[in-house]
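Q: 3D model of this:
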Amino acid sequence: MNPAARSAWSLFRRPTSQGVAESLSHHRQEQVRGIRVKVLNGNLEQALTFMQRKMQSSGIERMIKREQTHHIKNSEKHVLARKLLERKLKSQDLARKLKAILIKKVRGL
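A: Numbering: from 1, shown residues only. The predicted model follows:
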């Protein structure tokens, strides 16, 4: 099992120390927020690859990677913040250009 699948499994696993009624209600909550994958003919590898694709498309894998377990130095934080600001400014600039183009098109210029 790859690391992303393993950490996702730990997110959706239900604790075993609860009572029956509590564990059933907790299980219902897991079904709402989790990813359900069927294992056909005992083919676990195929089910895991399918689950990984589902995790990538739903964004769970990005969320897991974003949760960092190690310390980030201040210099790294500054670099990441600068890159985030550059992406945001570039996106805003492209949005402004697109808006200007669409306004010209609507006006027929």
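
Q: tell me where the model's unsure across the protein.
A: Along the chain, segments meeting pLDDT under 70 span 1-33, 68.

Q: let's go with 90 and repeat that
A: Counting by pLDDT under 90, the chain contains low-confidence residues at 1-38, 40, 42, 51-72, 108-109.

Q: run through the helices of it in chain order.
A: 3-12, 20-33, 44-58, 60-66, 74-107 (DSSP state H).

Q: tell me how many other residues crowd Leu84.
A: When neighbours are counted by other C-beta atoms under 10 Å, Leu84 registers 10. From N, CA and C alone the C-beta is placed, and that goes for glycine too.

Q: same question, the one 5 residues further on
A: Leu89 has 10 neighbours, counted by other C-beta under 10 Å.

Q: repeat that for Gln46.
A: Neighbour tally, Gln46, other C-beta under 10 Å: 13.

Q: measure it to Gly34 for me?
A: Going from Gln46 to Gly34 by C-beta to C-beta, to the nearest Å gives 19 Å.

Q: ok, Arg66 next?
A: For Arg66 relative to Gly34 (C-beta to C-beta), the value is 19 Å.

Q: higher neighbour count, these two?
A: More crowded of Arg66 and Gly34, by other C-beta under 10 Å: Gly34, with 15 against 8.

Q: any idea how far Ile60 is from the more buried one?
A: 9 Å.

Q: Lys73 now?
A: Counting by C-beta to C-beta, the gap from Lys73 to Ile60 is 28 Å.
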